[in-house]
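Chemist: Predicted model follows, preceded by the sequence.
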Amino acid sequence: MNPCYPALLLLAVAAASPSFAQDTSKVDNTAINQRDRHAESATPMDQPNDAADIRLAAAVRKAIVADDSLSTMGQNVKLIAAKGIVTLRGPVKDDAEKARIEAIAKGVPGVATVQNQLDTKH
């Protein structure tokens, strides 16, 4: 008998036990994916190539990343800037972080409106 078999058997039994089972309901983002498939939902691919819009997007990104109080998720939200309208998308830690990111974006010169479509992570 191969000496590795008992260790592999133990690993297989441990992985199959309920304590190691993953709760997939928390990682199911089907509803968000369906929302993103609609034509009216802006995605980063919709970022205009206009120089002013690119500068505005960069300024908002810089302001968000500069805030060390935000989680990594918060600093990595998706954003689209077009004609002074900034759309924020993606998961964030909680409602307070969602509000903080919106406030940061609103404080950037050139931002007329913020569409906050951020999702709080559960």
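Modeler: That came through fine. Everything numeric here is computed off the predicted structure, so don't read it as measured data.
Chemist: can you tell me the helix or strand for V86?
Modeler: strand 85-92 (DSSP states H and E).
Chemist: Can you show me the helices along this protein?
Modeler: Under the criterion DSSP state H, the chain contains helices at 5-16, 30-36, 51-66, 72-75, 95-106.
Chemist: mind listing what's buried in the shortest one?
Modeler: Going back to what we said before, that points to helix 72-75. Within helix 72-75, the residues scored as buried using 16 or more other CB atoms under 10 Å are 74-75. Where C-beta positions appear, they are placed from N, C-alpha and C, glycine not excepted.
Chemist: For that helix, name the packing helices and strands.
Modeler: Here helix 72-75 touches helix 51-66, strand 85-92, helix 95-106, going by 3 or more CB pairs under 8 Å, 6 or more residues apart in numbering; DSSP states H and E.
Chemist: residues in contact with it?
Modeler: 64-65, 67, 90-93, 97, 100-101, 121 (CB atoms under 8 Å, 6 or more residues apart in numbering).
Chemist: Count the neighbours of the closest residue to D67 other than its chain neighbours for me.
Modeler: Nearest-residue entry for D67: I104, 6.0 Å, with adjacent residues in sequence omitted and distances by CB to CB, 6 or more residues apart in numbering. Neighbour count of I104, defined by other CB atoms under 10 Å: 20.
Chemist: How about the one 5 residues further on?
Modeler: Applying the criterion other CB under 10 Å, we find 7 residues in the vicinity of P109.
Chemist: what's the closest non-adjacent residue to it?
Modeler: Leaving aside its chain neighbours, P109 sits nearest to A59 (7.4 Å; criterion: CB to CB, 6+ apart).
Chemist: Out of the helices and strands packed on helix 72-75, indicate the one that is most buried.
Modeler: strand 85-92 (a mean of 20; mean count of other CB atoms under 10 Å).
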